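[1] With the sequence up front, the predicted model follows.
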Amino acid sequence: MDFELTEVQRDIQKMCRELAKKELQPNARKWDETHAWPESGVKKLAELSLLGVAVPEALGGAGLDNVCYALAIEEISRGCASTGVIMSVNNSLYCDPVMKFGTDEQKREFLVPYARGEKLGCFGLTEPEAGSDAAAQKTIAVKKGDEYVINGSKNWITVGPKADSIVLFTMTDPAKGNKGITAFLVPTSTKGFNRQPPDKKMGISAAWSCTIYFEDMRVPAKNILGKEGEGFKVAMSTLDGGRIGIAAQAIGIARAAYEEALAYSNERKTFGKPLRDHQAIQFMLADMATEIDAARLLTLRAALMKDRGARHSAESSMAKLYASEMAGRVTNKALQVHGGMGYSKEMDAERHVRDARITEIYEGTSEIQRIVISASLLKE
Ligand SMILES: Cc1cc2nc3c(=O)[nH]c(=O)nc-3n(C[C@H](O)[C@H](O)[C@H](O)COP(=O)(O)OP(=O)(O)OC[C@H]3O[C@@H](n4cnc5c(N)ncnc54)[C@H](O)[C@@H]3O)c2cc1C
């Protein structure tokens, strides 16, 4: 077993670490406070080919592996968790399914400009009455000639307010349950596509999400992604990859919290010595560092399995489950190391706690990850 990163993987990690330090970290607090879209951060992601990391170069991407992708998301999220999830949505939830299930014609229109970072994509699965129970889709697509007429709504769609296209899941045959779901590629400029203002959220405030309504929206049949009735398969296979991105995002947030706690423990003195000389603080730092490493090992294993074409549903869920709950524990401990200052908006510790929390919810809650993992164990 080889734990060494390749030269290319180390180079990507270094490049993203520098970008996070120079461009993202200095702006992250301001973007959070003002709920501003991280325009300059997203522009840099595009310039550095980070919006289509694992997409082949011939299709506009960087042509790198999923280990590079996980390392990159960790570093970007270490600088700004909101920018990290925007990157994750375009790479994992949008480009990945178009690359895997799209026709050549669809890839030209719906992948190349998105992998190049000229356009942004989003992923519309969740509805007001279909979250964890994703098969309970109510958005309906009815065939009329060469087109489908789509009515319904999606909520919590990250990047929705800015996206140029959506991978949209609809019900085409309600009698068939999850085998009646069909995915479509839909430009957001399509008549009948109506987005609401950005949601007000606890954390990742700069990663805009919104509700979208579809009113008699006509989409050509050639825009079906995959086959009619195979949308649930498209969604689940996409989430297997997406969960690697969210695990990496959680690790990045936890690392930001840990590194800042470590620095603070050097500066702050109590009882005549720096905090880091108190064993209680040392033990907290030791636990944080150990848990971050454990989460990274799980995440890179899942990424490596994806690169090798191996089935990785349970491994992605394990990585996402552990990394997200770890990020909750680590960001809380880091806040504790800061004492009262941890509770102040003058420092980033409280933002890391708020940003970490979402990683236990989106792309499948911790409960859903446990269902996926236990289903795979019980099958054996
Ligand atoms: C900020 C944000 C961004 C998001 N971005 C996107 C996006 O880009 N695209 C998208 O499609 N969706 C997105 N989502 C939606 C997200 O994936 C869902 O919120 C999530 O899957 C949970 O669904 P729900 O909110 O309907 O909760 P529910 O399904 O109502 O669950 C409520 C609670 O019950 C638990 N629960 C439900 N069923 C079970 C069960 N069988 N066993 C045990 N416990 C259960 C859940 O774990 C949870 O704790 C986003 C959500 C948020 C908050």
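    Received it, and whenever you're ready, just let me know what you need.
[2] Excluding covalently adjacent residues, which one is nearest to the residue in the stretch 201-350 of the chain that the ligand sits nearest to?
    Nearest residue of the stretch 201-350 of the chain to the ligand: S209, at 4.7 Å (Cβ to the nearest ligand atom). For the C-beta atoms, the positions are set from N, CA and C on the backbone; glycine is no exception. Once flanking residues are discounted, S209 sits nearest to T158: 4.5 Å by Cβ to Cβ, 6 or more residues apart in numbering.
[3] how much space between that neighbour and A206?
    Taking Cβ to Cβ, to the nearest Å as the measure, T158 falls 11 Å from A206.
[4] Tabulate the CA atom coordinates of stretch 347-359 in CSV.
    The C-alpha trace of stretch 347-359 is given here as CSV (Å, rounded to 0.1, in the frame of the first residue of the first chain):
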residue,chain,number,x,y,z
MET,A,347,-12.5,35.6,14.5
ASP,A,348,-13.3,32.7,12.1
ALA,A,349,-13.9,30.0,14.6
GLU,A,350,-17.6,30.5,14.8
ARG,A,351,-18.0,30.6,11.0
HIS,A,352,-16.2,27.2,10.8
VAL,A,353,-18.8,25.7,13.2
ARG,A,354,-21.7,27.1,11.1
ASP,A,355,-20.1,26.0,7.8
ALA,A,356,-19.3,22.5,9.0
ARG,A,357,-22.9,21.8,10.0
ILE,A,358,-24.3,21.6,6.5
THR,A,359,-21.9,18.8,5.5
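[5] Can you tell me what sits against that stretch?
    28-29, 32, 81-82, 85, 201-204, 246-247, 249-250, 253-254, 256-257, 260-261, 320, 323-324, 327-328, 330-332, 334-335, 338, 341-344 (Cβ atoms under 8 Å, 6 or more residues apart in numbering).
[6] Share the number of residues neighbouring F193, please.
    18 (other Cβ atoms under 10 Å).
[7] So what's the predicted local confidence for it?
    F193 carries a pLDDT value of 98.
[8] same thing with E380?
    Reading off the model, E380 has pLDDT 67.
[9] Kindly confirm my reading that T290 is in a strand.
    No - counting by DSSP: H, G, I helix; E, B strand; the rest coil, one finds T290 to be helix, located in no strand.
[10] Quick check: it vs F283, distance?
    Counting by Cβ to Cβ, the gap from T290 to F283 is 11 Å.
[11] I361 now?
    29 Å.
[12] residues in the stretch 251-380 of the chain within reach of the ligand, list them.
    Neighbours of the ligand within the stretch 251-380 of the chain, by Cβ under 6 Å from any ligand atom: 358, 361-365, 367-368.
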